[in-house]
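Engineer: Coordinates for the following, if possible.
(chains A, B, C and D)
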There are 2 protein chains.
Amino acid sequence: MSDDPPAPDAKLSRATAQRLSHYLRSLGSSARHGGTVSSVELAHAVGVSAAQVRRDLAALGHLGQRGVGYDAAGLANAIRKTLGIHREWRACLVGVGNLARALLRYRGFQDQGFQIVALFDTDPAKIGRLVEGLVVEPLAALATRVPELRIELGVLTVPSEPAQAIADALTAAGVKGLLNFAPVLLRTPPTVRVVAVDLAIQLEQLAFQVQLAGPSR
Amino acid sequence: MSDDPPAPDAKLSRATAQRLSHYLRSLGSSARHGGTVSSVELAHAVGVSAAQVRRDLAALGHLGQRGVGYDAAGLANAIRKTLGIHREWRACLVGVGNLARALLRYRGFQDQGFQIVALFDTDPAKIGRLVEGLVVEPLAALATRVPELRIELGVLTVPSEPAQAIADALTAAGVKGLLNFAPVLLRTPPTVRVVAVDLAIQLEQLAFQVQLAGPSR
DNA sequence: CGTTGTGAACTCATTCACAGCT
DNA sequence: AGCTGTGAATGAGTTCACAACG
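Structural biologist: The predicted model follows:
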């Protein structure tokens, strides 16, 4: 059910896009002996089959050279372009707790072109404070600051209860996407995309898998 | 590729298991008017189709009553049991940074039966410190403490570089599952399951989706 | 040679639609 | 009447296997 009639020519499934991110990561880290990678190498690095890699990469156009492999730099660029991270994305963070602080310190964001340019919180004790070089602003400032700073993405590191209301405020202020850490399903208009990260659910999945694997083998 | 010959009778796919987690969450929060839920209600709460809900729940046995719906309490129990979270899971946390602190405060863990019973770090400045009621221990203590405290799960909130070595140490110490926040693919024996949460990748996926949705609609 | 790109087969997942129970 | 459970249909995603190419 939900929404997505997967956009005009969106040839990439959700899963494929995720794998592209992984390929990209792996290209960056083992940044290349001869400037070229094979599908087998990438497959091994990311933990999928080589056929899968070739199928995924073929979807981006013909970047491989038969008998040789893929040019690492060219491939990285192509992936970044299709994922839409060849440019900068400006984001704000709502809810300045430990998780927010962890995200601010996390270099993975900066590296991939994500700039966190504003912090918001309701707690009067936090407003005005400097956190990782940014001043914490009141939630009410959202409406004017989001357009002012040309913020496109919002990261919600808030409790469940206020999450929907904050999502609504961000939507009204004009953000186009939300990264939600609160364990609730956010309702947004289809123009505002949501990606959810539910930490408790990940732990539950781990328990599930351990339970399965444990008894048997 | 990878491993899983999906365990003897594992009728649940990864995706189904995830949805079960969501149903469970939704059962808890909107904790019930008449003690009964319909597939339509659950579907709406979680954001999937009603048929999907029925298919998922039918896999757990016949807990629904035709013409009536599912008994909320019974359903929650059944889900907890199949997910393996009807009991307590003891976990340790390696790498005591902001993310670790955020996880420790996160009530979602305690609530679902996950007990974090030990903290480890390499930083001498942190060792011995008290964080959220737990003493930070040196990494070397892992080998003895994990069996001693009957720890089954390890949560890795460490940088990429030491992640694999720490995973190895946890494996050697006897943990059965790892929740990995470092953006690297961990190699473990098939007896040690891994669930990975890569925050940068989630942001990338958001950018991708926004990029798709933006131009068109 | 080695390695990509891809039709075809196949497996897994979701939706449809309705019979069957309460 | 209402709502579940499920066979059958459809769709998505993945692997196979090999032709095409440097």
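
Engineer: What are the buried residues along the longest strand seen in chain A?
Structural biologist: Ranked by number of residues, the top strand in chain A under DSSP state E is strand A:114-121. Of the residues in strand A:114-121, A:Phe114, A:Ile116, A:Ala118, A:Leu119, A:Phe120, A:Asp121 count as buried by neighbour count, 16 or more other C-beta atoms under 10 Å in any protein chain shown. Every residue, glycine included, has its C-beta placed from N, CA and C.

Engineer: what's it packed up against?
Structural biologist: Judged by 3 or more C-beta pairs under 8 Å, 6 or more residues apart in numbering or on different chains; DSSP states H and E, strand A:114-121 is in contact with strand A:89-94, helix A:98-105, strand A:134-138, helix A:142-148, helix B:199-216.

Engineer: That one: what's the following helix or strand?
Structural biologist: strand A:130-131 (DSSP states H and E).

Engineer: quick one: A:Cys92 from A:Thr144, how far?
Structural biologist: Taking C-beta to C-beta, to the nearest Å as the measure, A:Cys92 and A:Thr144 are separated by 12 Å.

Engineer: Repeat that for A:Ala91.
Structural biologist: For A:Ala91, the distance to A:Thr144 equals 17 Å [C-beta to C-beta].

Engineer: hang on, the earlier thing: ok, and what's touching the longest strand of chain A?
Structural biologist: A:85, A:88-96, A:100, A:103-104, A:109, A:127, A:131, A:134-139, A:141-142, A:145-146, A:149, A:151, A:153, A:155, B:200, B:203, B:207 (C-beta atoms under 8 Å, 6 or more residues apart in numbering or on different chains).

Engineer: Kindly report the same for stretch A:80-88.
Structural biologist: Against stretch A:80-88 from outside (C-beta under 8 Å, 6+ apart): A:12, A:17, A:20-21, A:24, A:60, A:77, A:112-115, B:204, B:207-208, B:210-212.

Engineer: ok, back up a step: what pairs with the longest strand of chain A, parallel or antiparallel?
Structural biologist: Next to strand A:114-121 in the sheet, as set by DSSP bridges, lie strand A:89-94 (parallel), strand A:134-138 (parallel).

Engineer: which one of those strands is the most hemmed in?
Structural biologist: Per residue and on average, the most neighbours among the strands paired with strand A:114-121 fall to strand A:89-94, with a mean of 24 (mean count of other C-beta atoms under 10 Å in any protein chain shown).

Engineer: Export only the CA atoms of it, formatted as CSV.
Structural biologist: In CSV, the C-alpha atoms belonging to strand A:89-94 read as follows (Å, rounded to 0.1, in the frame of the first residue of the first chain):
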residue,chain,number,x,y,z
TRP,A,89,22.7,18.5,1.2
ARG,A,90,21.9,20.9,4.0
ALA,A,91,20.2,19.4,7.0
CYS,A,92,19.0,20.4,10.4
LEU,A,93,18.8,18.3,13.5
VAL,A,94,15.9,18.4,15.9
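
Engineer: Could you check the angle it makes with helix A:98-105?
Structural biologist: Counting by axes from the mean of the first three to the mean of the last three C-alpha atoms, to 10 degrees, strand A:89-94 lies at 160 degrees to helix A:98-105.

Engineer: roughly how far is strand A:89-94 from the heart of the chain?
Structural biologist: Strand A:89-94 sits 12 Å away from the centroid of its parent chain (C-alpha atoms, centre = their mean, to the nearest Å).

Engineer: got it, and stretch A:15-33?
Structural biologist: 14 Å.

Engineer: Check stretch A:70-87 too.
Structural biologist: 16 Å.

Engineer: That one and DNA strand D, any residue contact?
Structural biologist: No: between stretch A:70-87 and DNA strand D, judged by C-beta under 7 Å from any atom of the strand, nothing touches; the nearest distance is 12.1 Å.

Engineer: can I see the domain layout of chain A?
Structural biologist: Segmentation of chain A into domains, based on automatic domain parsing, reads A:14-83, A:89-201.

Engineer: among the ones you listed, which is nearest B:Ser38?
Structural biologist: Nearest to B:Ser38 among these is domain A:89-201; the distance by C-beta to C-beta comes to 17.3 Å.

Engineer: So, low pLDDT: which residues of chain A?
Structural biologist: Scanning chain A with the threshold set as pLDDT under 70 gives A:1-10, A:30-33, A:216-217.

Engineer: Flag every residue of it that's near DNA strand D.
Structural biologist: A:13-16, A:48-49, A:51-52, A:54-55, A:65-68.

Engineer: of those, buried ones?
Structural biologist: When neighbours are counted using 16+ other C-beta under 10 Å, the residues of chain A next to DNA strand D contain these buried positions: A:Thr16, A:Val48, A:Gln52, A:Arg54.

Engineer: The third one contacts A:Ala43, doesn't it?
Structural biologist: Yep, that's A:Gln52 we're talking about. Yes: counting by C-beta atoms under 8 Å, A:Gln52 does reach A:Ala43; the two are 6.9 Å apart.

Engineer: what about the nearest residue to A:Ala91 once chain neighbours are set aside, how many residues close to it?
Structural biologist: Closest residue in space to A:Ala91, ignoring its immediate chain neighbours: A:Leu153 at 3.9 Å, by C-beta to C-beta, 6 or more residues apart in numbering or on different chains. By the criterion of other C-beta atoms under 10 Å in any protein chain shown, A:Leu153 has 24 neighbours.

Engineer: Distance-wise, check A:Leu153 relative to A:Asp198.
Structural biologist: In terms of C-beta to C-beta, A:Leu153 sits 18 Å off from A:Asp198.

Engineer: Ok, A:Ser13 next?
Structural biologist: 21 Å.
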